[in-house]
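# Just to be clear, the model below is a prediction. Sequence and coordinates:
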Amino acid sequence: MSNTIVWLASYPKSGNTWMRAFLLNYLLDPPEPHDINHMGSLFTASTRWAFDMMAGFASAHLPSAAVDELRPTIYRHYAAIDETLKFLKVHDAFRHTAAGDPMFPPEATRGVVYILRNPLDVAVSFAYHQDASFEDTVWQMNDPDAELGHIPDGIGGQFTQPLTTWSGHVTGWVDQTALPVHVVRYEDMTADPAAAFTAVLRFVGMEVDSARLEKAVRFSSFRELRQQEEKKAFVERPSTGNFFRKGVVGSGKSELSPELIAQIHADHAAVMARFGYG
């Protein structure tokens, strides 16, 4: 069997880094909290260096369309290296290549952990992360052509990742039928991290050791991650401010204007209601 990849999929600023921190602390069972600047073993699926390493050539020599066509093959190759589980972070929307090949091939996939967060809170966190206004971010979250990592006149460390709208991103992943999906809400991770992470471990077929789980939850707490960032920065931090800013539930309602809150509800009402976001 080569279905060894677990996709950690999410819209940006929804809790993906927290999920990776927990998984590394659980998988490695270190004597002290795992360094947030050494999470490379759970890398991002759109990372250029990983593609280049597995392909054996520099993707910079190819047009982006050709890279997209090759990405499913690269993932199949990575999945077949051995039988161990491989967790890959994904911000791309669920999609197919121009040739109709699923970007995230079912035969390479153990499952999808889709990390979901209230779009009101996403808007605030994403705006700070991008150093953008709340207004521009709310607009971006309803733009079907929104992308992440696109550099118009250069080559970045990651490939361009189409996001579509926040609602389209969510439904694209959770409603597709080719890959098994487990949805975990950021709010549930915050309210009861042990229960939320236990469900994730069981979904991917891992045994749950209660002592190891408790330690991994403690080692990946927001307070711990924030303290690490303050002591030694974080390679994924934005150009201004902190990556781990507040991590609270409800910041959207307290920081966004009534007009922007109403706009988000108008743009994403159906998906918000479906997942219990008022």
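Received it, and whenever you're ready, just let me know what you need. Residues are numbered from 1 along each chain as shown.

# What's the local residue count around residue 195?
Residues contacting residue 195 under the criterion other Cβ atoms under 10 Å number 10. Bear in mind the C-beta positions are built from the backbone N, C-alpha and C, glycine included.

# quick one: which helix or strand includes the closest residue to it other than its chain neighbours?
Of all residues not flanking residue 195 in the chain, residue 188 sits nearest, at 7.4 Å (Cβ to Cβ, 6 or more residues apart in numbering). Under the criterion of DSSP states H and E, residue 188 resides in helix 186-191.

# Poorly predicted segments of the protein, please.
For the chain, the stretches with pLDDT under 70 are 1, 37-41, 151-155, 228, 230-247.

# Okay, strands next: where are they in it?
Under the criterion DSSP state E, the chain carries strands at the ranges 5-10, 86-90, 109-116, 147-148, 161-162, 181-185.

# Could you check the angle the third one makes with strand 181-185?
Looking back up the chat, that one is strand 109-116. Calculated by axes from the mean of the first three to the mean of the last three Cα atoms, to 10 degrees, strand 109-116 forms an angle of 20 degrees with strand 181-185.

# Neighbouring strands - and their directions - for strand 109-116?
Strand pairing for strand 109-116, using DSSP bridges, gives strand 5-10 (parallel), strand 181-185 (parallel).

# same question, the fourth one
Each strand pairing with strand 147-148, determined using DSSP bridges, is listed with its direction: strand 161-162 (antiparallel).

# List the contacts of the strand it pairs with.
46, 91, 92, 93, 95, 145, 146, 147, 148, 149 (Cβ atoms under 8 Å, 6 or more residues apart in numbering).

# Neighbour-wise, give me the winner out of those.
residue 92 (26 neighbours).

# Would you agree that one is in contact with residue 45?
Yes - using Cβ atoms under 8 Å, residue 92 makes contact with residue 45 at a distance of 7.0 Å.

# ok, residue 220 - how many residues close by?
Around residue 220 there are 24 other residues, counting by other Cβ under 10 Å.

# Next: residue 263.
Neighbours of residue 263 using other Cβ under 10 Å come to 18.

# Equivalent analysis for residue 190, please.
Residues within reach of residue 190, counting by other Cβ under 10 Å, total 16.

# separation between it and residue 220?
12 Å (Cβ to Cβ, to the nearest Å).

# what do you get for residue 30?
11 Å.

# How about residue 67?
Separation of residue 67 from residue 220 (Cβ to Cβ): 32 Å.

# go on, residue 87?
In terms of Cβ to Cβ, residue 87 sits 14 Å off from residue 220.

# likewise residue 268?
29 Å.

# Next: residue 55.
On the measure of Cβ to Cβ, residue 55 and residue 220 end up 32 Å apart.

# do residue 23 as well
Applying Cβ to Cβ to residue 23 and residue 220 gives a distance of 8 Å.

# swap in residue 206?
Taking Cβ to Cβ, one finds residue 206 at 16 Å from residue 220.
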